[in-house]
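[1] how would this look folded up:
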Amino acid sequence: MRCYLGVDGGGTKTAFALVGEDGRLLARHEARSSYYLGTGVDLVGEVLAEGVGAVCAAAGVRAQDVTRAFFGLPAYGEVSADVPALDAAPAAVLGHDRYDCDNDMVAGWAGSLGGADGINVVAGTGSMTYGERDGVGVRVGGWGEAFGDEGSAHWVAVRGLQLASRQADGRAGPGPMLDVLVEHLGLDAPLDLVDVVLNRWGAERGRVASLAPVVVRAARAGDRSAASVLEAAADELVLLVTTTAARLGRPEEGADGWGAGGASVPVSCSGGLFRAREVLDGLRAGLRSAAGGFELRRPQLSPV
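    Alright, predicted model coming up:
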């Protein structure tokens, strides 16, 4: 039986799915993050060995019998010197070369839109967009947490931490953000944030990003400044989408270049931050008011 392996890497986890030729799901597995920047490219091979072995064992399939595989890898293409090593890593695990590698953003686009022309916006640990039109792909964003990833869970969490610290000092008016964060982390005092985030966590991006839901909780508890962070995140994601569409080029008036029956740009989204209705609704509203016409669609499939 033909079978196909999908791998979707990310800043928090790496997902593996094996499907039969009829599209039936044979097995799934989740492994640790394969985001290797800061730890070394060898991490990717270790995670792939663990995940491919586990998903194939669960399905009763040998890795060498996988018909074709696609590996969506975080940070792929962002360090040119690492691309050959990343391209080679799956061969050691599968025992053959019937696979392709690319950035995980491609998996997000392909799953969410079923491989059709359009744009997928990602707001997980990091953020970016990837769109295709007539076989041409464009990436926007995804520059990393140090000076990019606007609108991502990490970006939201950092601004929530900044707000909480300002509230603790009195540089910002009082609000639920500080109290919600102190309760969530079980702190004895607000200044213990330094110990937890910088000392114990080492400001690790995934752990920092995990605080984004705390910002959502604070906003829902009535913290207007926390709500403004979520509004700003949605605005940044709208900008990613509209910039991608501009770079891909707009169809001529009345053309079918973006899909059957019209020229509106199909847009879908993936990533944990969209579980917050405030961000999803903000993206929807921003696209509705953007020039040119965008159609926000429910994802057809998950990235993996």
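
[2] surely Val215 is in contact with Ala227?
    No - counting by Cβ atoms under 8 Å, Val215 stays clear of Ala227, with 9.1 Å between them. Backbone N, C-alpha and C define where each C-beta goes, glycine included.

[3] when the two are compared, which one has more neighbours?
    Val215 (31 against 18; other Cβ atoms under 10 Å).

[4] for the host helix or strand of Asn120, packing partners?
    Taking DSSP states H and E as the criterion, Asn120 maps to strand 118-123. Of the remaining helices and strands, those touching strand 118-123 by 3 or more Cβ pairs under 8 Å, 6 or more residues apart in numbering; DSSP states H and E are helix 104-113, strand 127-133, helix 224-248, strand 265-270.

[5] please compute how far that strand lies from its chain's middle.
    When C-alpha coordinates are averaged (Cα atoms, centre = their mean, to the nearest Å), strand 118-123 and its chain have centres 9 Å apart.

[6] alpha carbons of it, as PDB, please.
    The C-alpha atoms that make up strand 118-123 are tabulated as PDB, following Å, rounded to 0.1, in the frame of the first residue of the first chain:
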ATOM      1  CA  GLY A 118      -3.900  32.100  -1.800                       C
ATOM      2  CA  ILE A 119      -2.200  33.100   1.400                       C
ATOM      3  CA  ASN A 120      -1.800  31.400   4.700                       C
ATOM      4  CA  VAL A 121      -0.900  33.600   7.800                       C
ATOM      5  CA  VAL A 122       0.800  31.900  10.700                       C
ATOM      6  CA  ALA A 123       0.500  33.200  14.300                       C
END
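
[7] identify the residues contacting it?
    105, 108-109, 112-113, 127-133, 142, 151-153, 233, 237, 240-241, 244-245, 248, 258-259, 265-274, 279, 283, 297 (Cβ atoms under 8 Å, 6 or more residues apart in numbering).

[8] give me every residue that touches Arg288.
    Neighbours of Arg288 in contact, by Cβ under 8 Å, 6+ apart: Phe294.

[9] could you pull out the strands for the stretch 51-200 of the chain?
    Using DSSP state E, counting those that start in this stretch, the strands of the stretch 51-200 of the chain run over 68-73, 99-103, 118-123, 127-133, 136-141.

[10] and the angle from the longest one to strand 99-103?
    Using axes from the mean of the first three to the mean of the last three Cα atoms, to 10 degrees, one finds that strand 127-133 and strand 99-103 are set 120 degrees apart in direction.

[11] so what touches strand 127-133?
    By Cβ under 8 Å, 6+ apart, the list of residues contacting strand 127-133 from outside reads 103, 105-106, 108-109, 117-122, 137-142, 149-152, 155, 236-237, 240-241, 243-245, 248-249, 257-258, 271, 273.

[12] from Val304, how far off is Gly77?
    Shown here: Gly77 relative to Val304, a distance of 19 Å by Cβ to Cβ, to the nearest Å.

[13] picking up where we left off before, mind checking which of the helices and strands packed on strand 118-123 is nearest Pro176?
    Across those, the minimum distance to Pro176, taken as Cβ to Cβ, is reached by helix 224-248, at 7.3 Å.

[14] identify the residues contacting the nearest residue to Leu211 once chain neighbours are set aside.
    For Leu211, the nearest residue in space outside its immediate sequence neighbours is Ala157; the separation is 4.0 Å by Cβ to Cβ, 6 or more residues apart in numbering. Neighbouring residues of Ala157 by Cβ under 8 Å, 6+ apart: 208-212, 214-215.

[15] which of those has the most neighbours?
    Looking at these with neighbours defined as other Cβ under 10 Å, the largest count falls to Val215 at 31 neighbours.

[16] which SS class is that one?
    When states are read from DSSP: H, G, I helix; E, B strand; the rest coil, the local structure at Val215 comes out as helix.

[17] how about the nearest residue to it, chain neighbours excluded?
    For Val215, ignoring the flanking residues on the chain, the nearest one in space by Cβ to Cβ, 6+ apart is Gly160 at 3.6 Å.

[18] on that earlier part again, let me have the helices and strands packed on strand 118-123 in TSV, extended by mean pLDDT and distance to Lys13.
    Conversion of the helices and strands packed on strand 118-123 to TSV gives the following (pLDDT from 0 to 100; distance: least, Cβ to Cβ, whole Å):
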stretch	mean pLDDT	distance to Lys13
helix 104-113	91	11
strand 127-133	94	17
helix 224-248	96	21
strand 265-270	92	13
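
[19] of the ones you listed, which is nearest Arg98?
    Once the helices and strands packed on strand 118-123 are compared by Cβ to Cβ, helix 104-113 is nearest, at 17.3 Å.

[20] beta partners of Ala123?
    On the basis of DSSP bridges, Ala123 takes part in beta bridges with Ser127.

[21] state the mean pLDDT of the strand holding Asn120.
    Confidence over strand 118-123 (mean pLDDT, whole number) is 94.

[22] that'll do, ta.
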